[in-house]
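Visitor: Fold the following.
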Amino acid sequence: MNSSVMVEKYINPHTDFGFKRLFGSEFNKELLISFLNAMFHGEQNVQDITYLNSEQLGDRADARRAIFDVYCENDKGEKFIVEMQNVYQEFFKDRTIYYSTFPIREQAQRGGDWDFHLNPVYTIGLLNFNFADGLENAKRWHHEVKLMEVDTHEIFYDKLTYIYVEIPKFDKQESELVTMYDKWMYVLKNLSRLMQRPAALQERVFTRLFEQAEISKFNKQELKMYEDSVNAYRDIVNAIRTAEKTKFAEGMAEGMAKGEKEAKEKIAANLLSLGVPLETIVQASGLSEEDIRNLRIPVGGINLVHT
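Guide: Numbering: from 1, shown residues only. Sure thing, here's the model as predicted:
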């Protein structure tokens, strides 16, 4: 087992193995039930869930399939897609919309008697990054999106809901945890860094969670699967950090280049205002004749006429 993994007492729920062990297992479904009820602030009263096939196929043989982290329905027939997303992807919103079409289409009844009645569908994205696309001005870390009439801001259709949870933005400390949702968010963000169960998490469901999350209780196969999942997760994290460093370096280089050019342009403009010949300014500044011709000459300067 990787020594750095052994340092951790509890699994990382951001890994594929960790997330599915806690939330995607029939054996641990009370954890997912508790989380869903907490996230909906009493608007949901999920008593039981049934796990559904997480691999969805399109209508045609060549259609793109979808593989969900967790796909289930509650005792009222409402569908839930729950995804842990560690990396922002281009067209991420499009992907979540596309995913929601599968539980909608599968409700269609064959034959001519179906009246198009649909049960609600919830697509939940637990995001291990700040999702700025369309949420730049939102101050909270929990975002609930529904179809809305733009003029009145009234909900037009309440059976299709997209929930985006930005885990990095949750910054409450243990002493600040009040609601069950607070407590679940604290677990999602900090579980792998904890060395013991926090005193604030005394509910019975967290007894179950910490028992299932303790790495020392894994058998050899589970340890191997978790190690592979951790390595895959770290590869993702390292790739993100490398990309961020590269982007920062490129930005610095671009900024320095821009600053250097602006300094040259200022020198050239001053020389122009003094009537220095164009050829001399080209040699002194390193700018091209075209760049110099496009400069704004300081007030009181002369008009440039190339002879």
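
Visitor: Now do the contacts for the residue nearest to Glu149 when sequence neighbours are not counted.
Guide: Nearest in space to Glu149, with sequence neighbours left out and distances taken as CB to CB, 6 or more residues apart in numbering, is Phe156 at 4.9 Å. In this view, the C-beta of every residue, glycine as well, is placed from N, C-alpha and C. Neighbouring residues of Phe156 by CB atoms under 8 Å, 6 or more residues apart in numbering: 146-149.

Visitor: Nearest to Leu31 among these?
Guide: Lys146 (26.4 Å; CB to CB).

Visitor: Torsion angles phi and psi at the closest one?
Guide: For Lys146, the backbone dihedrals (degrees, to the nearest 10) come out as phi -140, psi 170.

Visitor: Give me the number of neighbouring residues for it.
Guide: For Lys146, the number of neighbouring residues by other CB atoms under 10 Å comes to 13.

Visitor: Let me see the contact set for it.
Guide: Contacts of Lys146 by CB under 8 Å, 6+ apart are 155-158, 160-162.

Visitor: Turn the buried ones among those into a named ChimeraX selection, would you?
Guide: Burial among the contacts of Lys146 is assessed by 16 or more other CB atoms under 10 Å; the matching ChimeraX selection reads:
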select :160,161,162
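
Visitor: Make JSON lines out of the contacts of Lys146 and add distance to Gln221.
Guide: Below are these laid out as JSON lines (distance: CB to CB, whole Å):
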{"residue": "Ile155", "distance to Gln221": "47"}
{"residue": "Phe156", "distance to Gln221": "49"}
{"residue": "Tyr157", "distance to Gln221": "45"}
{"residue": "Asp158", "distance to Gln221": "44"}
{"residue": "Leu160", "distance to Gln221": "39"}
{"residue": "Thr161", "distance to Gln221": "37"}
{"residue": "Tyr162", "distance to Gln221": "36"}
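
Visitor: In the contacts of Lys146, find the pair that's most separated.
Guide: Phe156 and Tyr162 (14.2 Å).

Visitor: which one of the contacts of Lys146 sits closest to Phe80?
Guide: Among these, and counting by CB to CB, the member closest to Phe80 is Thr161, at 9.8 Å.

Visitor: Where do the strands of the stretch 101-250 of the chain begin and end?
Guide: With strands called from DSSP state E, counting those that start in this stretch, the stretch 101-250 of the chain shows them at 121-127, 142-148, 155-166.

Visitor: now the ones you listed in TSV, with mean pLDDT and distance to Glu106?
Guide: Listed next are those as TSV, based on pLDDT from 0 to 100; distance: least, CB to CB, whole Å:
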stretch	mean pLDDT	distance to Glu106
strand 121-127	94	10
strand 142-148	93	20
strand 155-166	94	14
